[in-house]
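K.L.:
coordinates only, sequence not included:
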């Protein structure tokens with residue numbers, strides 16, 4: 001039986017190099033296999049960014065490494081070792097696997113016997129050079145982009161409403177700029193977003209996507225842009241956020257009036273919410289399946305109902321938008337049905353009962369490990385923030401030395417500043433990664449802590465107060481979509497946060513239950529029929 005040459009191909013989506021396309025790598029690998037008299041098997045990773053060199057981002061390589069561990073792959077071909085990884089830690093782990101399993105690495109230049117100390121050392125040096133070259137190319141691209149931005153260039157993508165792109169820079173749009181000013185003036189004059197939308201529609205003003213009606217979100221975004229004041233902020237991973245200048249559209253007085261009006265409306269909204277007269281268990285959860293609006297509630301002596309407010313919205317905005325959902329949901333019956341459906345689903349869920357009650361609420365090594373890891377990461381985060389602050393102070397002192405022309409030469413000071421600044425950039429990048437990990441752990445723990453909060457009442461959810469029930473539902477359900485089927489029936493599509501609907505478990509070995517079991521996820525959606533009265 002012939003040996004098999006396992007040909008691994010990959011290109012970077014960030015940096016493309018001439019002569020290293022996937023097809024070229026494949027052809028060179030096949031040529032190598034024919035020269036050796038081997039069969040070949042292709043492992044094509046496709047385009048994967050060199051910025052993400054962790055193995056989780058490389059499923060094909062993970063599968064190949066698994067074959068190597070199983071002893072099924074003894075000859076591997078790559079166009080260059082950096083196809084496997086430019087990351088030194090990842091490449092070191094791959095080299096270890098290749099050496100451990102006595103794999104011969106093939107490249108266009110010949111065989112690489114990694115068990116040979118000299119060859120292994122040489123490949124390590126080449127890998128470091130490749131990683132260095134890649135980081136230099138990426139850094140040059142980043143610095144070039146920053147230089148263009150500091151010269152007033154645009155970051156890319158669609159420009160804000162009121163501008164167009166000319167010579168890669170923002171330039172006021174002749175027609176749109178006047179409508180930006182009109183939007184700000186109307187808002188400053190206490191006109192509602194609905195009034196502004198109606199005015200723009202009446203005048204035939206279209207959104208960037210060609211819509212004849214602006215949304216609340218698009219108007220809010222326009223009212224938040226700083227571009228109209230002559231600047232916008234760019235966030236770079238390695239630098240502090242910096243301002244980029246652009247042509248001004250609005251004067252300071254109008255901008256100030258709009259900001260004052262925003263504060264007034266925000267203050268009024270908080271007071272209004274705090275004085276809500278009636279309690280609605282399902283407020284914010286019920287949505288119309290037909291038109292997408294969130295249901296409103298009405299409580300009076302005659303009726304207490306949830307309903308789609310499309311008809312009211314049409315009347316206020318003087319528009320006609322069709323919606324097939326024309327029936328009320330009686331609040332008392334709807335609340336009872338939804339609450340019973342949710343609690344029944346939870347009580348029947350193996351995933352909910354076993355995972356939360358045994359693992360989360362019981363002794364959980366993962367939780368304890370996360371707790372310790374979080375403490376370590378927060379401590380490291382604080383240390384990095386302190387070190388970065390010290391470096392910024394040092395740079396300021398060195399810049400001051402340049403200005404007052406102390407004994408050291410400008411060239412020497414520039415070199416020192418560059419070295420210190422590079423070190424600061426590395427620390428900032430490391431800090432950013434740590435913050436991301438901390439955020440992920442904190443999000444996971446917040447869910448666990450929420451479940452623990454209700455742990456003493458899990459066996460009797462009906463004993464919760466109405467506020468606790470509302471909190472429980474909003475942390476368990478994503479939304480409930482209401483669909484009208486006929487004159488008497490609605491469907492409630494209840495979407496849970498986690499796939500616990502009809503989940504299941506299976507004993508690893510039924511006759512030896514001590515070995516444990518596996519849990520299988522169910523569905524997110526639970527659909528029930530609900531008879532309603534005619535509107």
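P.N.:
Cool, got the structure. Treat the numbers as computed from the prediction; the structure is a model and nothing was measured.

K.L.:
now do the same end-to-end measure for stretch 280-299.
P.N.:
Taking Cα to Cα, to the nearest Å as the measure, stretch 280-299 stretches 9 Å from start to finish.

K.L.:
okay, and the residue nearest to residue 381 when sequence neighbours are not counted sits in which element?
P.N.:
Using Cβ to Cβ, 6 or more residues apart in numbering and skipping the chain neighbours, the partner closest in space to residue 381 is residue 434 (5.2 Å). From N, CA and C alone the C-beta is placed, and that goes for glycine too. Secondary structure assignment for residue 434, by DSSP states H and E: helix 410-453.

K.L.:
coming back round to it: was I right to think the residue nearest to residue 381 contacts residue 377?
P.N.:
Yes - the criterion here is Cβ atoms under 8 Å, and residue 434 meets it with residue 377 at 5.5 Å.

K.L.:
low-confidence ranges in the stretch 201-350 of the chain?
P.N.:
For the stretch 201-350 of the chain, the stretches with pLDDT under 70 are 267-277, 316-320.

K.L.:
before we move on, back to that, could I get the contacting residues of the residue nearest to residue 381?
P.N.:
377, 380-381, 384 (Cβ atoms under 8 Å, 6 or more residues apart in numbering).

K.L.:
repeat that for residue 491.
P.N.:
By Cβ under 8 Å, 6+ apart, residue 491 lies in contact with 289, 482-483, 485, 527-530.

K.L.:
that one bridge partners, please.
P.N.:
residue 483, residue 529 (DSSP bridges).

K.L.:
quick one: it and residue 327, what's the gap?
P.N.:
Distance of residue 491 to residue 327, given as Cβ to Cβ, to the nearest Å: 12 Å.

K.L.:
go on, residue 165?
P.N.:
Distance, residue 165 to residue 327, using Cβ to Cβ: 49 Å.

K.L.:
so for the two, which sits in the more crowded spot?
P.N.:
For residue 165 versus residue 327, the count of surrounding residues by other Cβ atoms under 10 Å is larger for residue 327: 19 against 15.

K.L.:
please report how far that one lies from residue 416.
P.N.:
75 Å.

K.L.:
ditto for residue 349
P.N.:
Taking Cβ to Cβ, one finds residue 349 at 62 Å from residue 416.

K.L.:
comparing those two, which residue is more hemmed in?
P.N.:
Taking neighbours as other Cβ under 10 Å, residue 349 and residue 416 compare with residue 349 leading, 22 against 15.

K.L.:
possible to save the contacts of residue 491 as a markdown table with neighbour count?
P.N.:
Output for the contacts of residue 491, formatted as a markdown table (neighbours: other Cβ atoms under 10 Å):
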| residue | neighbour count |
| --- | --- |
| 289 | 18 |
| 482 | 23 |
| 483 | 16 |
| 485 | 13 |
| 527 | 14 |
| 528 | 14 |
| 529 | 11 |
| 530 | 19 |
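
K.L.:
nearest to residue 2, of those residues?
P.N.:
residue 527 (56.5 Å; Cβ to Cβ).

K.L.:
what about residue 521, neighbour count?
P.N.:
Neighbours around residue 521, by other Cβ under 10 Å: 13.

K.L.:
SS state for the closest residue to it other than its chain neighbours?
P.N.:
In space, and not counting its chain neighbours, residue 521 is closest to residue 499: 4.2 Å by Cβ to Cβ, 6+ apart. Following DSSP: H, G, I helix; E, B strand; the rest coil, we place residue 499 in the coil state.

K.L.:
and residue 79, how far from residue 175?
P.N.:
Residue 79 sits 53 Å away from residue 175, taking Cβ to Cβ as the criterion.

K.L.:
compare the two (neighbour count), which wins?
P.N.:
Neighbours were counted for residue 79 and for residue 175 using other Cβ under 10 Å; residue 79 has more, 23 against 10.

K.L.:
the more buried one reaches residue 28, doesn't it?
P.N.:
Yes - Residue 79 is within contact range of residue 28, at 6.2 Å (criterion: Cβ under 8 Å).

K.L.:
shared neighbours, those two?
P.N.:
residue 108.

K.L.:
which helix or which strand is home to residue 480?
P.N.:
strand 477-484.

K.L.:
need the contact partners of that strand.
P.N.:
Contacts for strand 477-484 (Cβ under 8 Å, 6+ apart): 282, 285-290, 295, 306, 308, 324-327, 329, 338, 342, 490-497, 524.

K.L.:
just those: which are in strands?
P.N.:
Of these, the ones assigned to strands by DSSP state E are 286-288, 306, 329, 490-496.

K.L.:
and which of those is nearest residue 252?
P.N.:
Nearest to residue 252 among the ones in strands among the contacts of strand 477-484, with distances taken as Cβ to Cβ, is residue 287, at 41.3 Å.

K.L.:
before we move on, back to that, show me just the buried residues among the contacts of residue 434.
P.N.:
381, 384 (16 or more other Cβ atoms under 10 Å).

K.L.:
got the contacts of residue 434 as a markdown table, with distance to residue 74 columns?
P.N.:
Shown next, in a markdown table, are the contacts of residue 434 (distance: Cβ to Cβ, whole Å):
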| residue | distance to residue 74 |
| --- | --- |
| 377 | 41 |
| 380 | 42 |
| 381 | 45 |
| 384 | 44 |
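
K.L.:
so which of the contacts of residue 434 is the closest to residue 66?
P.N.:
Proximity of the contacts of residue 434 to residue 66, judged by Cβ to Cβ, is greatest for residue 377, which lies at 30.4 Å.
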